[in-house]
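> Can you look at this prediction? I've put the sequence above it.
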Protein chains: 2
Amino acid sequence: MKDPPVAIDLDYSALFRPDLPAPAKKWGGFPPYNFVGGNNDAPSVPVEDMIEATAAVLRREGSTLATYGMQSGPQGYVPLREFVAKKLGQRSGMTVSADDILITSGSNHGLELVNAVLCAPGDVVLVEQFSYGSALSRLRKFGATPVGIPLNDDGMRMDLLAAKLAELKAEGVTPKYIYIIPTIQNPGGSILPEDRRHELLRLSEEYGVPILEDECYADLLWDGKRPPAIAAMGEGGNRVIHVGSFSKTIAPALRVGYVAADWGVLGRMVAVKNDGGTGALEQMMLAEYCNTKFDGHIDSLVVTLKGKLDVIIEALEENFGTTAEFTPTKGGIFQWITLPDHVDTMKLAQAAAAEGIAINPGPEWASDAEPARNRFRLCFGSPSLEEIREGVKRLSVICHREFGVPVRAANIERD
Amino acid sequence: MKDPPVAIDLDYSALFRPDLPAPAKKWGGFPPYNFVGGNNDAPSVPVEDMIEATAAVLRREGSTLATYGMQSGPQGYVPLREFVAKKLGQRSGMTVSADDILITSGSNHGLELVNAVLCAPGDVVLVEQFSYGSALSRLRKFGATPVGIPLNDDGMRMDLLAAKLAELKAEGVTPKYIYIIPTIQNPGGSILPEDRRHELLRLSEEYGVPILEDECYADLLWDGKRPPAIAAMGEGGNRVIHVGSFSKTIAPALRVGYVAADWGVLGRMVAVKNDGGTGALEQMMLAEYCNTKFDGHIDSLVVTLKGKLDVIIEALEENFGTTAEFTPTKGGIFQWITLPDHVDTMKLAQAAAAEGIAINPGPEWASDAEPARNRFRLCFGSPSLEEIREGVKRLSVICHREFGVPVRAANIERD
């Protein structure tokens, strides 16, 4: 008899693609003070209503799960597309129908599909100077270069956008699109005024550059006041691709987002969406739930989130004093903060992580690291009020230890 | 007052990536006789049990939906990974734990992630000569070339695999992996015997080429008899990446599949899986449902599918007679059929589509079109028994009209 065969492990290193990111580490759970990620308030998840919605929709049409895409085709579950179209009409001022909507597996998937149809290595995409970290890393993964346009308290500066477009044109470069988060800018929390939206569309037309409008946070406004979406403005024509999500309004672990666009672009995105469809159960439950409960849920969630913002602002003022500069966000789940020039938030984030506090250092949320060096983002949707108070307090102690500021914190003079 | 701005549409053609597929057409519903796609038997969807499972799991832990990945991290919902590990032990003979599993959005997503970590343009991947169409198109999308190894009634021929590996080695080419569907080969329906599985592992070791084992249909065997998975064989070491799915066993519109692999590979796949997680509600429902109901559901589904196979075989014999050659599949949801040499199934599929009958022409399921020219695949999971009988009958009439065979069909001599 032969000896049993002995496994000799293969060395994969010569087989891997050369440009892979570092391997993942095994997940060790969330840190005790978790101020990163688009997580939301756990008690606000409408569990019983979700159960009821799931039962109703499955009992009515559960057997359609036996076919890819149910009876709705590759754009996604028709009743959910109809709800999205209705919501975009009521809340964003857009005139769209279910035919103009593509359901995606989260809004990130929408961004991925936009890149897949527009971006090739070497391309330039204009972005807000400080912008959504995953959008920036996704662009870089495609080999595209995000070029930042500076912001002020109202969002992207149109004079500097115009200057950059002219400069690029002189170099023979047409950016593939302008990526903007106009309503609750990520991370700045600003709302782009209506006149700037019109100016943006004018520049888009002048230079032949489409706009990718990301409205993931636009349903979570403290006072409900906002200009129409850029995609709602008549002069936009087919130039605005609009993405949104149910992650922030209902629950992020449900992977459901959407794109609204002219079929000339949307049909291209449908053609490269080779995933066999977005998860049907989540689409069905959301359509059933949202049709009657979305507005009420948002009204209540916004109150909860505003309460958490108030607590984090209070904790920042109490523990950081004038060391932390910020304009309170006008909605959403995060606050952007500027520290004194000498503070390096990459180092602060590292020191904080070692003590169980997770924050987003500015350079990870920026087209260029340097202007974001002393800034950081705190997400407040998920932590409890007590975790917010204690986490910010501990962060101030770490910041003091590493950078000497804030000099006074938690009402105790340090040193 | 200025005139209202007029929208001038943008011409996207200069902005699109040059290598895009054709734009999608708007979906017009399924054809009346739909023999394509991994769709399943609609009455077999366990709707009431799904409702019960969803209610139980959401009531217990629904509020975890407020965080990306729930409390399970990027590999997916821990109870579902535990069920997959248990199932792979019981049904495939594998020894794996939840830590070795990555939940994906369908098994296609698993194939996508394998390509993302291993394949670069110009790479070679060895495949069965006739193989899963989406796997082949996905490889081509990555710029890799699928090179086919001929099959016989038992699956991939190991002598020809050995010859191809030697030939490639002489040219200095190391294939990135060997893609194989050993248990219910797609489209052939064969089961690779155990001795060939050992030989495959020996060749994998000799040439330093990993194996991607796709077991999407392996739970749907008529007689339940099968060799252990290739990934279960001790001498495989870290060389086998194993993918599977709940699409064929529970429902395809639920987008849930899995990968089992050594962490050295799996950790790389986790690092490039930048989708914010696979849909939580589907994972939670499946874990809850499958833990107690999977085996009973499969027992009953297999009886239903075998009944449909019997009807399609009967219809083929009645309408095509000896014109259609085939070996009845040993499980699953499709039958592979060979027609006389002069029949071009691409043309047959086109003519059939015009009359509401969808079939998979062989060339779409083949590494090289020519040997598959006169073959086609019929999926029988989704159509009703009546649709199967009528659809096959109509197909025979179309085939006779276009290619003169079968000469006799539906008990009526033609011409």
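Received the coordinates, thanks.
> Any stretches of the stretch 251-400 of chain A with poor pLDDT?
Of all residues in the stretch 251-400 of chain A, none has pLDDT under 70.
> correct me, but A:A351 touches A:I398?
Yes - if you go by C-beta atoms under 8 Å, A:A351 and A:I398 touch, sitting 5.2 Å apart. Glycine gets a C-beta too; all of them are placed from N, C-alpha and C.
> what residues does the stretch 251-400 of chain A put near chain B?
A:251-256, A:262-265, A:267-268, A:270-272, A:274-282, A:285, A:381-382 (C-beta under 8 Å from any C-beta of the partner chain).
> Please write out the alpha-carbon positions of stretch A:350-363 in CSV.
Coordinates of each C-alpha in stretch A:350-363 appear next as CSV, following Å, rounded to 0.1, in the frame of the first residue of the first chain:
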residue,chain,number,x,y,z
GLN,A,350,-3.8,55.4,15.4
ALA,A,351,-3.4,56.4,19.1
ALA,A,352,-7.2,56.4,19.6
ALA,A,353,-7.6,53.0,17.9
ALA,A,354,-5.1,51.6,20.4
GLU,A,355,-7.5,52.7,23.2
GLY,A,356,-10.7,51.4,21.5
ILE,A,357,-11.8,54.6,19.8
ALA,A,358,-12.3,54.6,16.0
ILE,A,359,-12.4,57.9,14.1
ASN,A,360,-11.9,58.8,10.4
PRO,A,361,-8.7,60.8,10.0
GLY,A,362,-9.1,63.6,7.4
PRO,A,363,-6.6,62.4,4.8
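> So what touches it?
By C-beta atoms under 8 Å, 6 or more residues apart in numbering or on different chains, the residues outside stretch A:350-363 that reach it are A:30-36, A:130, A:133, A:187, A:345-346, A:348-349, A:369, A:372-379, A:391, A:394-395, A:398, A:401-402.
> repeat for stretch A:42-53
Stretch A:42-53 is touched from outside by A:250-251, A:285, A:288-289, A:293, A:297, A:300-301, A:304, A:382, B:54-55, B:58-59, B:62-67, B:281, with contacts defined as C-beta under 8 Å, 6+ apart.
> Only the buried subset of those residues, as a ChimeraX command please.
Selection of buried members from these for ChimeraX, criterion 16 or more other C-beta atoms under 10 Å in any protein chain shown:
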select /A:250,251,285,288,289,293,297,301,382 /B:54,55,58,62,63,64,65,66,67,281
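> Next step: the contacts of stretch A:42-53 restricted to helices.
Counting by DSSP state H, the part of the contacts of stretch A:42-53 found in helices is A:285, A:288-289, A:293, A:297, A:300-301, A:304, B:54-55, B:58-59, B:281.
> Which secondary structure element is home to A:K169?
helix A:158-170 (DSSP states H and E).
> Same check on A:K347?
helix A:345-353.
> and if you look at A:L309?
Per DSSP H and E, the secondary structure element for A:L309 is helix A:280-320.
> Tell me what angle that helix forms with helix B:280-320.
Helix A:280-320 and helix B:280-320 are oriented at 160 degrees to each other (axes from the mean of the first three to the mean of the last three C-alpha atoms, to 10 degrees).
> quick one, domains of chain A?
A:30-45+A:295-413, A:47-293 (automatic domain parsing).
> who wins for proximity to B:P193 among those?
domain A:47-293 (30.9 Å; C-beta to C-beta).
> chain center to the closest one, what's the gap?
The chain centroid and the centroid of domain A:47-293 are separated by 10 Å under C-alpha atoms, centre = their mean, to the nearest Å.
> Tell me where the stretch 1-150 of chain A has helices.
Remark: helices assigned in the stretch 1-150 of chain A by DSSP state H, counting those that start in this stretch are A:47-61, A:78-92, A:107-118, A:133-141.
> Please list only the buried members of the contacts of stretch A:350-363.
The neighbour-count test (16+ other C-beta under 10 Å) marks A:30-31, A:33-36, A:130, A:133, A:187, A:345, A:348-349, A:372-379, A:391, A:394-395, A:398 as buried among these.
> Can you pick out the ones from these that are in strands?
Among the buried ones among the contacts of stretch A:350-363, the residues falling in strands (DSSP state E) are A:33-34, A:375-379.
> so what's A:I312 up against?
Contacts of A:I312 (C-beta under 8 Å, 6+ apart): A:335, A:378, A:380, A:388, A:392.
> need the contact list for the fourth one.
When contacts are counted by C-beta under 8 Å, 6+ apart, A:I388 is found next to A:308, A:311-312, A:315, A:380.
> Can you report phi and psi for it?
Note on A:I388: backbone dihedrals following degrees, to the nearest 10 are phi -60, psi -50.
> if I look at it, how far off is chain B?
From A:I388 across to chain B, the span is 15 Å (C-beta to the nearest C-beta, to the nearest Å).
> Likewise for A:F334?
For A:F334 relative to chain B (C-beta to the nearest C-beta), the value is 14 Å.
> who touches the nearest residue to that residue once chain neighbours are set aside in this structure?
Leaving out its chain neighbours, the residue that sits closest to A:F334 by C-beta to C-beta, 6 or more residues apart in numbering or on different chains is A:C379, at 4.7 Å. Contact analysis of A:C379 by C-beta under 8 Å, 6+ apart lists A:34-39, A:333-334, A:360.
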